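> whatever this is, show me its structure:
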Amino acid sequence: MGGLLKMRSVVLSLLEKARGDKHLKNSLEADVDIILPDGLSVRSYFLQSIKREETFLKTLFIVLNANITDEGSLATGSFVWSYVCTMAIPNTDTIMEVAIRVRPSSL
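This is a model prediction of the structure:
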């Protein structure tokens, strides 16, 4: 659960940046993409928990949608704005990171 709360903190920080830049008025105008590295063979407890809680993530982050994807299947669409930050995957033997992207919601 600690990893999910750290991820929530990163998402909230990105949402505040978007709000500060006047790209959104409230967080429900945004989608969050959690981007896993390609070729990820290590299945840490953290990765298992975000996969298991995928439907809960939008509630945790207070956004319209939250998606888990990998770099290879990442949409190449262009957004009016987006904010990206990386976060180390906790409790892994090697240093690996997930990218977290906040973008306008696709209503």
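
> helix, strand or coil: sort out residue 6 for me.
What DSSP: H, G, I helix; E, B strand; the rest coil gives for residue 6 is helix.

> residues touching the nearest residue to residue 62 once chain neighbours are set aside, list them.
In this structure, residue 62 finds its nearest non-sequential neighbour in residue 27, 4.8 Å apart by C-beta to C-beta, 6 or more residues apart in numbering. Backbone N, C-alpha and C define where each C-beta goes, glycine included. Neighbouring residues of residue 27 by C-beta atoms under 8 Å, 6 or more residues apart in numbering: 15, 61-63.

> again, 7 Å this time
15, 62-63 (C-beta atoms under 7 Å, 6 or more residues apart in numbering).

> and which of the residues you listed is nearest to residue 38?
Relative to residue 38, the closest of those is residue 63; by C-beta to C-beta it sits at 24.6 Å.

> which of the helices and strands in the chain ranks last by mean pLDDT?
Lowest mean confidence among the helices and strands of the chain (mean pLDDT, DSSP states H and E): helix 45-52, at a mean of 83.

> quick check: buried residues in that helix?
In terms of neighbour count (16 or more other C-beta atoms under 10 Å), helix 45-52 has its buried residues at 46-47, 50.

> likewise for stretch 6-14?
Buried, per 16+ other C-beta under 10 Å, within stretch 6-14: 7, 10-11, 14.

> could the residues you listed be laid out in JSON lines, adding distance to residue 57 and pLDDT?
JSON lines is the format used below for the buried residues of stretch 6-14 (distance: C-beta to C-beta, whole Å; pLDDT from 0 to 100):
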{"residue": "7", "distance to residue 57": "8", "pLDDT": "93"}
{"residue": "10", "distance to residue 57": "12", "pLDDT": "97"}
{"residue": "11", "distance to residue 57": "9", "pLDDT": "97"}
{"residue": "14", "distance to residue 57": "14", "pLDDT": "98"}
